[in-house]
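Chemist: structure, please.
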Amino acid sequence: MSNRFFKKIVAETNEYERTPIPDSSLKGSKSFLGMYAGEHTAGTEFVIGPLFVAHGVSAGDLVFGLLIGNFLAVLSWGLITAPIATSKRLTLYYQLERIAGKNVVRWYNLVNALMFCFLAGSMIAVSATAVGIPFDLEMPTLTDWLPRTPGWILTVLLMGAVITLVAIQGYSQVSKFANIMSPWMILIFFAAAIVGLAQLGVNSADSLISVAQEVIWNGVPLPGMSRFSIWHIIFFAWFCNMAMHIGMSDLTILRYAKSWKYGFTSFAGVYLGHFVAWIASGILYAVFLQANATSQEFAPGAIAYQTLGIAGAICVVIAGWTTANPTIYRAGLALQGIFPKVQTWKITAIVGGITSIAACFPALVMKLLDFVALYGLLLMPMGAVIFADFYFSKKMGFQAEGALSSGSNFSLPALLSWVLTLGFCLGLNLMYGVEIFFLGLPGWFVAVAIFVILSKLKYPTKPSLAL
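Modeler: Numbers count the residues shown, from 1 in each chain. The predicted structure follows:
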């Protein structure tokens, strides 16, 4: 690529990494509708929907669980994340730096960037399962951890290079790509559900109910898989994007919103993606299992191609792309917080390279359900710290943005809130067997409580005994 190309990116791309977003750069609701619809009607849907089938959730539990869980997720974006984003208009990373200090945020940013890289890598791998179809590429199976062939590696690396090229051009290009692609993808998911049901023998309302309950979501998990209840569905739908809403990662995106109410545009993502698309992809997997009862292959591209042909394969490519794009963008901003003097596009390009290498390993797809839950849990406590600092500092009598107000690069209350909360969650899991999907809610309240108590001691607004 020519130097002129990169100079053009530098001149035209200003992501306001350490300053509030100016009014001239604010965006309307359509930008966020397209962004959320594109990001959440995406590659992960081709993996998560089939995993619900594999875990033996019943049809009724799935539908009602998704309705409730997705509603709670929209409320989390609209009532918790968006008001803070539009008030401060700072990236997550810079806002956290003002609260926790640079020395704490460096570690947080590193963990955050790595999690984003792995998530984006899984989506590149999902796209690669479709790109490899015309080349008869050997696909990964449910038990694969390592790449199977050189052809797989080459396909993944090429996909990663193209996706990274879009991501380095900043939020505007990422949003534009999502707005263009998301309406078509949503139609493909609707078509997948209709065609898949027809292939399963649905020709009336009565047969729809019986096929849904007895064939697709029959309440019987596949061998080696645990059974999911309605509570698993509610909490997974609510917290699969825990890092984005109550974990506050979407402060970086919603800081561009003209109004805090745009946080509710997340409904376009969760009810089209985490409702329609999860159901549709579950139907596709049921069709695939009927035709390949003994197959261990788990390739979203092949699953979609079997039902929808070329259109299904293309949809998998684009769906993985629209998730990987904003995820690589976020990872670049996370690392930019560690290396503030390095231009964001350069860091994003490096992140794209790391992500592409990670995508070569199929385990990122096969273990996606566990990874998504762990990823949100690791980042959740710092979201609780931001929430508590914003809403409780005046009411509870401690200084807001403690690190900035004290001139320190290190905040003990923030660090202990993070570490002790994760320790609390680990204890619930090991001692009482609480599954990872249910740890986020009690953990969030614990993190808020720890931060408020320690901040009152460390950064009191009235004379008091300090730590």
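
Chemist: so H40 sits against G269, correct?
Modeler: Yes - in this structure, H40 is within contact of G269 by Cβ atoms under 8 Å, at 3.0 Å. The C-beta positions use only the backbone N, C-alpha and C, and glycine is treated the same way.

Chemist: quick one: average pLDDT of the helix or strand containing C315?
Modeler: With secondary structure defined by DSSP states H and E, C315 is part of helix 310-338. Averaging pLDDT along helix 310-338 gives 78.

Chemist: and the helix or strand following that helix, which residues are buried?
Modeler: Once the chain leaves helix 310-338, the next helix or strand it forms, by DSSP H and E, is helix 344-358. For helix 344-358, burial by neighbour count (16 or more other Cβ atoms under 10 Å) applies to 344-352, 354-356, 358.

Chemist: the residue nearest the centre of the chain: what secondary structure?
Modeler: The chain has N241 as the residue nearest its centroid, 5.1 Å off, counting by Cα atoms, centre = their mean. Here N241 is recorded as coil under DSSP: H, G, I helix; E, B strand; the rest coil.

Chemist: let me see the contact set for it.
Modeler: For N241, the contact set (Cβ atoms under 8 Å, 6 or more residues apart in numbering) comprises 40, 73, 270, 376.

Chemist: now the residues you listed: which count as buried?
Modeler: Judged by 16+ other Cβ under 10 Å, buried ones among the contacts of N241: 40, 73, 270, 376.

Chemist: among those, name the ones in helices.
Modeler: Among those, the ones falling in helices (DSSP state H) are 40, 73, 270, 376.

Chemist: what's the neighbour count on the spatially closest residue to the last one that is not a sequence neighbour?
Modeler: By the measure of Cβ to Cβ, 6 or more residues apart in numbering, the closest residue to G376 outside its immediate chain neighbours is M242, 3.2 Å from it. Close neighbours of M242, defined as other Cβ atoms under 10 Å, add up to 28.

Chemist: M242 reaches G440, doesn't it?
Modeler: Yes - at 5.1 Å, M242 counts as touching G440 under the criterion of Cβ under 8 Å.

Chemist: mutual contacts of the two, please.
Modeler: With Cβ under 8 Å, 6+ apart as the test, M242 and G440 both reach 376-377, 380.

Chemist: tabulate the residues you listed in CSV, adding columns for distance to A167.
Modeler: CSV is the format used below for these (distance: Cβ to Cβ, whole Å):
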residue, distance to A167
G376, 22
L377, 25
M380, 25
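
Chemist: now those in a markdown table, with pLDDT?
Modeler: Converted to a markdown table, the shared contacts of M242 and G440 look like this (pLDDT from 0 to 100):
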| residue | pLDDT |
| --- | --- |
| G376 | 92 |
| L377 | 94 |
| M380 | 95 |
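
Chemist: ok, these vs M366, which is closest?
Modeler: G376 (18.7 Å; Cβ to Cβ).

Chemist: quick one, what contacts that closest one?
Modeler: With the criterion set at Cβ under 8 Å, 6+ apart, G376 makes contact with 239-243, 247, 440.

Chemist: cool, and V195?
Modeler: Contacts of V195 by Cβ under 8 Å, 6+ apart are 307-308.

Chemist: swap the cut-off to 10 Å and go again
Modeler: For V195, the contact set (Cβ atoms under 10 Å, 6 or more residues apart in numbering) comprises 280, 283-284, 287, 307-309, 311-312.

Chemist: swap in I163?
Modeler: Counted by Cβ under 10 Å, 6+ apart, I163 has contacts 120, 123-124, 127, 177, 320-325, 327-328, 352, 355-356, 359.

Chemist: are any of the contacts of V195 buried, and if so which?
Modeler: For the contacts of V195, buried by 16+ other Cβ under 10 Å: 280, 283-284, 287, 307-308, 311-312.

Chemist: ok so, going back, got the ones in helices among the buried ones among the contacts of N241 as TSV, with distance to P140 columns?
Modeler: Below are these laid out as TSV (distance: Cβ to Cβ, whole Å):
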residue	distance to P140
H40	24
A73	30
V270	28
G376	24
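
Chemist: between these, which is closest to G196?
Modeler: Nearest to G196 among those, counting by Cβ to Cβ, is H40 at 20.5 Å.

Chemist: ok so, going back, in the helix holding C315, what counts as buried?
Modeler: Those would be 311-338, for helix 310-338 by 16+ other Cβ under 10 Å.

Chemist: all helices for the stretch 101-250 of the chain, in order.
Modeler: 102-131, 150-167, 171-199, 205-211, 230-239 (DSSP state H, counting those that start in this stretch).

Chemist: quick one: the shortest one to chain centroid distance?
Modeler: If you compare the mean C-alpha spot of helix 205-211 with that of the full chain, they lie 33 Å apart, counting by Cα atoms, centre = their mean, to the nearest Å.

Chemist: many thanks, I have nothing further to ask.
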